[in-house]
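Colleague: fold the following.
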Amino acid sequence: MSLDGKVAIVTGGALGIGRATCIQLAKQGAKIVVNDFGNELTAESVVSEIVAGGGEAVSIPGDARSAGQMEQLVEAVKHAFGRIDVLVCNASKGATAATFAELTWESFERQLTDELKAAFEPTKAVIPTMMAQQFGRIIYLSSTDGKDPTPQYIAFGTAKGGLDTFARYIAQEFGPYGISANVVAPGFVRTDETFMISEEEARVIGSFTPLGRIAEPEDVAEVISFLAGDGARFLTGTYTPVTGGLIME
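Modeller: From the prediction side, this is the model:
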């Protein structure tokens, strides 16, 4: 599988799954735009790693929830590379744990807004370019919490459930323009940002999966890479849980 000549934007690309995705897409030949907000130095380190490996990448900071900043991002990418082929919507504020009894409407609304705007605004910004090209691949990073409730994550899970539905509507509306939209839904993933448990706890969690371990960021990145490539040319509107079989579709 090759992504030679393709241009990919990865929001939240500086850390964890985003970082692994940038590196994996670059290995397939894509030109990478590392977009992040508040992690600019780390984003530059991703660029340096890709360039050191013979790839091409730039870092363009910006808040994925901001329409203006996403429009500026798209213009900068088009100026640098002339086109946009792949958008990976990975930016997320993360989950805030709270039971429904503890939750206020304001905190619930904030989680919904943060998660959905971080998909809505980048999509809104790239769609005109992809329509003009008659080609595009959009991959949304969701969570199995959107379908399989986890105690105390009602706000996050509801937001991700909304994202899953949003992706299907994008797939339906823009399929005639050669644009696909698919969802990747990781379960528990070992990352610097989220991995705050012991190795023993990780082993126990992993033991519940048929494959016997928790996911690494690279496991998720390779699924994203597949959906970005020609091998997924007839897939759109799909939902792929990356859980080692803990959740099966």
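Colleague: so where do the helices sit in the protein?
Modeller: 16-27, 40-52, 67-81, 105-133, 154-174, 199-207, 217-228 (DSSP state H).
Colleague: elements contacting the helix or strand bottoming out on mean pLDDT in the chain?
Modeller: None of the helices or strands of the chain scores lower by mean pLDDT, DSSP states H and E than helix 199-207, at a mean of 75. The helices and strands touching helix 199-207, judged by 3 or more C-beta pairs under 8 Å, 6 or more residues apart in numbering; DSSP states H and E, number zero. Backbone N, C-alpha and C define where each C-beta goes, glycine included.
Colleague: follow-up on the earlier one: tell me which of the helices of the chain sits most buried.
Modeller: Scoring the helices of the chain by mean neighbour count under mean count of other C-beta atoms under 10 Å gives helix 16-27 as the most buried, with a mean of 26.
Colleague: need the pLDDT of Glu193.
Modeller: As predicted, Glu193 sits at a pLDDT of 61.
Colleague: same thing with Phe156?
Modeller: Predicted confidence (pLDDT) for Phe156: 94.
Colleague: how far away is it from Phe108?
Modeller: For Phe156, the distance to Phe108 (C-beta to C-beta, to the nearest Å) stands at 10 Å.
Colleague: again, but for Ala91
Modeller: Counting by C-beta to C-beta, the gap from Ala91 to Phe108 is 20 Å.
Colleague: with Glu173 instead?
Modeller: 28 Å.
Colleague: for the record, mean pLDDT for the longest strand anywhere in the chain?
Modeller: Longest strand in the chain by number of residues, with DSSP state E as the criterion: strand 179-186. For strand 179-186, mean pLDDT rounds to 97.
Colleague: now stretch 8-23
Modeller: 97.
Colleague: quick one: residues contacting the residue nearest the centre of the chain.
Modeller: Among the residues of the chain, the one closest to the centroid is Asn90, at 2.6 Å (C-alpha atoms, centre = their mean). Contact analysis of Asn90 by C-beta atoms under 8 Å, 6 or more residues apart in numbering lists Val10, Thr11, Gly12, Gly13, Ile17, Gly18, Thr21, Leu141.
Colleague: check the spacing between it and Gln111 real quick.
Modeller: 17 Å.
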